[in-house]
Structure formats: structure tokens, C-alpha cells
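**Q** output the structure for:
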Amino acid sequence: MSRRRDNYENSRWMKFKRWVDGETDPLAGRMGARAYEDKKASHSSNHGRERLEDLEADTEEVLKRLPIFANGYDSVVDKGLMAFRRMYKVMSVLLCAGIIAVLLWTVSYLPVFGDAKNPDNNEVSARYIEKGLQETGAVNIVTGMILDYRAFDTFGESCVLFIASCCVLVLLRIDDTSKDEHVQMRKKEAEYDRLYEPKNDIILQKCACILVPVIMIFGIYIVLNGHLSPGGGFSGGAVLGSGLILYLNAFGFQKTGRFFTQKVYQRVTLSALTFYCLAKSYSFFTGANHLKSGIPLGTPGAILSSGLILPLNICVGLVVACTMYVFYTLFRKGGMK
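**A** Presented below is the predicted three-dimensional model:
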């Protein structure tokens, strides 16, 4: 068992995890000029003094014969580092120049902006305006466009929010198992969060008791009514996220953590994105093959209308609200506990 444990601790995954947590530096001891005597000192524990002296004499004699070490070991390492840094700068500039060239080449093939003959100035926009209500069932043409005609584009935007929150979670989350001094200091500061800003302000708490329910109800209204009037998942989710942040500032992480934890965030966002992807995949598959989807559009103007647009608005609103809250908690404390 001990051998398995040692192998697991020395595995690539554990080394990568310790590097992500900031516990170890994979380049420590590999970069920088080190005196040749430092290398030889490591052999003293395994060999006798006499053996080490013989090794020193033999090594010095061999190094003197090599032209590359004529000026010493340190100078060779310094030259290697300088060459690496110069090459790094050159390659960085070449990479940036290549990316810029590819982007400019791509932009050169785009239609001329403002040209009356562009498809987006006649065919596409006319289609949205003339048949948007008939094909999507949404009174709000903008919502019908982004959640029906361009639904996968909106799905990509939601995935970007989720990936961004995951990246922030990886970089800023405090690891409870880490033994690093800096991590432990951040953990202690997080435990006494209410001793710092914001403090337990009775005025803020009383105002939050009144405002938070109103904000949450208004955010839900914007999400559910997005296909009938200006609004939708993005704007409604932003309102819901601001309500959660206000509640957190007023009452702290301990009370907020009773109903919103990291597991809740993961389950809500994954469920919302999975439903969004499956629903629009089914819709596009049936539409591309000229099949009836079986999803009624309902009566235009009714709350239960526009087919999949209403549940998709709910999914987008949940993702946006969770992302806003996660960003705030991670930058503020390094976790959601």
C-alpha cells in the first residue's frame, strides 16, 4: 500500500495538481546558473570524502579539455539562458504577427460594411421582420432571432460564460487540503470574512430584506417575459445575479451558503447547458430534415408561447446569474462556502 501511495504521490497528475495549487514549482532547480560545486556536493552523502576528491580532480581535468567550458560552467549556463530568452521574445512576436495576419486575411473576405447588396441588409433582416412571428411565435423579434435563428450562437455565448467561471474557479479557489503558507493565510482571512468589508450593517440588512425579494421577482419577470417584451435570459440573469450579490453583502457567506453552494452552481449550469444543447439539436435536426418537431408555438402574446424560446430563456438566465455570483465570490473570498 505504501508503494502504491508513493507512486500516486509522484504521478504526473499529482505533480500537476501541486503546481496548480502553487505548492511546487516544476522549474525549481532547473533554471538559472548554478555553481558546479553545488552539483558535486550532492554526491558527498553517498560517497566518501576521498572518493569525492578523486572525482573532483578527474572532472576538473576533463572540463579543462572541453572548449565549451573554457570560461567556466556558470558562463555557459548564462549564455544558454540569454539565448532562450531572446528566442522566446522572437517567437512571441512572430506568433502575434501570425495571428494578426490570419485575422486581417479573414476580415478582408467579409462583405463591405453598409453595402445595400449585403445579405444582412435585405434577405436576412427582411426574413426576421416579415416571418419572425410566424416561424418563432415570439412577439419580441430580437429574442426570436437570438434563441431560434441564431440559437447555437447564443449557446456558444453561454458556454463561454461557463468556461470563464470554471477558469476563475481553478485560479482563485482556495484548496482546503493545501499546506502552502499563502493559501493557509487566505483561508484564515476567508473564515473571518465578516470582520472586514462589508460588516454586519443593520441598515444594509433591513434594506436587503425589502429589496432582494423585489429584485429577484423582477429578474424572474424579465426572464419569463423575454419573448413578449424587451428582456430575456441575459438581462434577467444579470438582475438575478445582482440580487444574490446584494444578499451576500448583507448577510454573509454563511447564510448564503445554505442554499447556494459550489455543487448547486455546477448542477444548475450543467443542467441548463445540457438541456439547451439537446433541445436545439432536436429542433435543428427536425427542421433540417423537414420534419415536424411536435413543439407547438402557441398563441402569440401568451406567456406559454414561442415553443422552446421560453425554456431556453430560463436556461440562459440561470447560467448568467450563476456566473455573476461565482465571479464575485471567487474574487472576494476564493470560494462559495
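
**Q** got any ranges where this protein has weak pLDDT?
**A** Applying pLDDT under 70 to the chain flags the ranges 1-8, 19-52, 56-78, 119-122, 174-199, 334-337.

**Q** at the geometric centre of it, which residue sits there?
**A** residue 164 (2.2 Å; CA atoms, centre = their mean).

**Q** that residue - nearest residue in space that isn't next to it in sequence?
**A** residue 323 (7.1 Å; CB to CB, 6 or more residues apart in numbering). C-beta here means a position set from N, CA and C on the backbone, and glycine is covered the same way.

**Q** in the helix or strand encompassing that neighbour, what counts as buried?
**A** For residue 323, the host element (DSSP states H and E) is helix 309-332. Within helix 309-332, the residues that qualify as buried are 309-310, 312-330, 332, counting by 16 or more other CB atoms under 10 Å.

**Q** ok, stretch 156-168 next?
**A** For stretch 156-168, by 16+ other CB under 10 Å, it's 157-158, 161-162, 165, 168.

**Q** can you name the two of the residues you listed that sit furthest apart?
**A** Greatest spacing in the buried residues of stretch 156-168, by CB to CB: 157 and 168 (17.0 Å).

**Q** would you agree the residue nearest to residue 164 is in contact with residue 165?
**A** Yes: Residue 323 lies in contact with residue 165 (CB atoms under 8 Å); the separation is 4.8 Å.

**Q** what do these two both touch?
**A** residue 269 (CB atoms under 8 Å, 6 or more residues apart in numbering).

**Q** who does the helix holding residue 323 touch, helix- and strand-wise?
**A** Secondary-structure packing of helix 309-332 (3 or more CB pairs under 8 Å, 6 or more residues apart in numbering; DSSP states H and E): helix 141-144, helix 151-172, helix 202-224, helix 233-256, helix 262-288.

**Q** and the ones you listed as CSV, adding distance to residue 114?
**A** Below are the helices and strands packed on helix 309-332 laid out as CSV (distance: least, CB to CB, whole Å):
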stretch, distance to residue 114
helix 141-144, 21
helix 151-172, 22
helix 202-224, 33
helix 233-256, 27
helix 262-288, 31
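
**Q** out of the ones you listed, nearest to residue 91?
**A** Across the helices and strands packed on helix 309-332, closest to residue 91 is helix 151-172 (CB to CB), at 24.5 Å.

**Q** for the top helix by length along the chain, packing partners?
**A** What stands out as the longest helix in the chain, according to DSSP state H, is helix 73-107. When contacts are defined as 3+ CB pairs under 8 Å, 6+ apart, helix 73-107 packs onto no helix or strand at all.
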